[in-house]
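**Student:** need a 3D model of the sequence below.
(4 chains)
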Number of protein chains: 2
Amino acid sequence: MRSARSINSDRPVVTDKREAILRAAIRVFAHNGYFNSKVADIASEAGVADGTVYLYFKSKEEILHSIFDRSMEEAIAAGRKQIEQTSDPREKLRRIAWLHLERLGADRDLAVVFQVELRGSTKFMEEFSAAGFAEYLSLIRSTFEEGQHAGVFRPELNAKVVAKILFGALDEMATNWILSKRRYKLAPMADQVLDIFLNGVSAR
Amino acid sequence: MRSARSINSDRPVVTDKREAILRAAIRVFAHNGYFNSKVADIASEAGVADGTVYLYFKSKEEILHSIFDRSMEEAIAAGRKQIEQTSDPREKLRRIAWLHLERLGADRDLAVVFQVELRGSTKFMEEFSAAGFAEYLSLIRSTFEEGQHAGVFRPELNAKVVAKILFGALDEMATNWILSKRRYKLAPMADQVLDIFLNGVSAR
DNA sequence: CGGGACTGAGTGGCTATTCATTCATAAGAC
DNA sequence: GTCTTATGAATGAATAGCCACTCAGTCCCG
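**Tutor:** Numbers count the residues shown, from 1 in each chain, chains lettered A, B, ... in the order given. Below you'll find the predicted structure:
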């Protein structure tokens, strides 16, 4: 990959353009929906010609994939890093939840793509499921199991189901935030979710 | 609306064909996704000509709307009925949750349309939000508030948020069920969700 | 017959993708 | 230093295919 011409220290132009197209796509998809978005719209939003898009992406669909892949990768990496910084399972879950909503709340357009556009077809869902999504759920699950072994959480609960419940609750917060006309901070909602959740799953 | 020709007691032919198209659409949308479904596919699945679809629906989009409107109406009516049959707020929520998953679990194709296809665009989401969806959330919310006044649930919790949490958790159960290859009963998951949820929100 | 239900081939509009061409820059020759 | 040639990134007009929707005509019932 770096065999040919890796000498030139900077290739800012290349990266910039690919990046510009991705950002433009997020904005356009968020506003019009994936299926109603024209490649021409993305190109003009990015300030490039239609054809240029195809120098960086194989197809319109690949753009959506790239958005998902990159964001998910970043999110999981950030999540793991947060988790390492504490050993208390409750605190770990708190950080995961907070981070989850903080990331989505920081970029409304990206949040729309994640919460709405990526759900728009079983085909996508299944592909994405297989990819990072399942990994994210299992990050929550294993953290919970850790807490079960430590005696912090109720041992009789099914960790897989518990993970889905927490994820589902957070997911709904995000979706509602997107659809709401009122503007409020998304991340703090994590505390309200966790209050109920932790209260529900903690060993007495 | 019923001013013209409400005399004919039965219009089975009309109803039958409209019904057949709706059912066919649910199946086709569930398998291919809304945007990848051709009106011609729906017509042939329903056993009618392309043009016939337009005798019953103004557009492809209206078909999707009709599916949503009818199902949501039924679901809410069924929910209210269940609620009337008990006065215990905890039991009311239990019935709502169970019913929620039971209905989706009974018709996989319909569930796919609801969980996946209807989420595929902010435009739809907003319209649907405005319609029955918000009503459903507020059904949960007011039941919860009732419980708060009765001293059963923690009074300091924000009922709106609580409703979203319960809904989100159930919603995630349904989505996961759809995507899962393994076949299991969806409705019983309601108990696991409620176990944690009620434990989390109940006054001590 | 009259009229409504139904048909399905055809039309129009739309848009993802391609590709011949342009042009700024790099590389080499002197 | 400057002219010539090579390179490939970028362009955007053209293509090709798709599909929602229409409508002229057929069918059938009373």
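**Student:** DNA strand C contacts on chain A?
**Tutor:** Contact residues, chain A versus DNA strand C (C-beta under 7 Å from any atom of the strand): A:Asn36, A:Ser37, A:Lys38, A:Val39, A:Ala40, A:Asp50, A:Gly51, A:Tyr54, A:Ser59, A:Lys60, A:Glu61. Heads up, the C-betas are built off the backbone N, CA and C, glycines and all.
**Student:** buried ones among those residues?
**Tutor:** By neighbour count, with 16 or more other C-beta atoms under 10 Å in any protein chain shown, the residues of chain A next to DNA strand C hold A:Ser37, A:Val39, A:Lys60 as buried.
**Student:** and those residues, which is closest to B:Ser142?
**Tutor:** A:Ser37 (38.8 Å; C-beta to C-beta).
**Student:** confirm the closest one sits in a strand?
**Tutor:** No - counting by DSSP: H, G, I helix; E, B strand; the rest coil, A:Ser37 is not part of a strand but coil.
**Student:** is the closest residue to it other than its chain neighbours in a helix, a strand, or coil?
**Tutor:** The spatially closest residue to A:Ser37, leaving aside those adjacent along the chain, is A:Val28, at 4.8 Å (C-beta to C-beta, 6 or more residues apart in numbering or on different chains). Recorded secondary structure, A:Val28: helix (three-state DSSP).
**Student:** was I right about A:Val28 contacting A:Val39?
**Tutor:** No - assessed by C-beta atoms under 8 Å, A:Val28 is found out of contact with A:Val39, at 9.4 Å.
**Student:** only the buried residues of the helix or strand bottoming out on mean pLDDT in chain A, if you could.
**Tutor:** Each helix and strand of chain A was given a mean pLDDT (mean pLDDT, DSSP states H and E); the minimum falls on helix A:122-128 at a mean of 74. By neighbour count on 16+ other C-beta under 10 Å, the buried set for helix A:122-128 is A:Thr122, A:Phe124, A:Met125, A:Phe128.
**Student:** contact partners for the first one?
**Tutor:** Shown in contact with A:Thr122 (C-beta atoms under 8 Å, 6 or more residues apart in numbering or on different chains): B:Ala30, B:Gly33, B:Val112, B:Val116, B:Ile178, B:Leu179.
**Student:** try it again with 10 Å
**Tutor:** Contact analysis of A:Thr122 by C-beta atoms under 10 Å, 6 or more residues apart in numbering or on different chains lists A:Ser129, B:Ala30, B:His31, B:Asn32, B:Gly33, B:Val112, B:Gln115, B:Val116, B:Glu117, B:Ile178, B:Leu179.
**Student:** any of the residues you listed buried? List them.
**Tutor:** A:Ser129, B:Ala30, B:Asn32, B:Gly33, B:Val112, B:Gln115, B:Val116, B:Glu117, B:Ile178, B:Leu179.
**Student:** closest one of the residues you listed to DNA strand D?
**Tutor:** Of all the buried ones among the contacts of A:Thr122, B:Asn32 has the smallest distance to DNA strand D: 9.3 Å, by C-beta to the nearest atom of the strand.
**Student:** correct me, but that closest one touches A:Ser121?
**Tutor:** Yes - between B:Asn32 and A:Ser121 there is a contact under C-beta atoms under 10 Å: 8.5 Å.
**Student:** where do the contact lists of these two overlap?
**Tutor:** By C-beta under 10 Å, 6+ apart, the residues touching both B:Asn32 and A:Ser121 are B:Glu117.
**Student:** quick one: name the residues of chain A near DNA strand D.
**Tutor:** Going by C-beta under 7 Å from any atom of the strand, the residues of chain A near DNA strand D are A:Val13, A:Val14, A:Lys17, A:Gly47, A:Val48, A:Ala49, A:Asp50, A:Gly51, A:Thr52, A:Tyr54, A:Leu55.
**Student:** quick one: contacts for the residue nearest to the fourth one when sequence neighbours are not counted?
**Tutor:** Meaning A:Gly47. Among residues not flanking A:Gly47 along the chain, A:Ala20 sits closest, at 6.7 Å (C-beta to C-beta, 6+ apart). Listed by C-beta under 10 Å, 6+ apart, the contact partners of A:Ala20 are A:Ile42, A:Glu45, A:Ala46, A:Gly47, A:Val48, A:Thr52, A:Tyr56.
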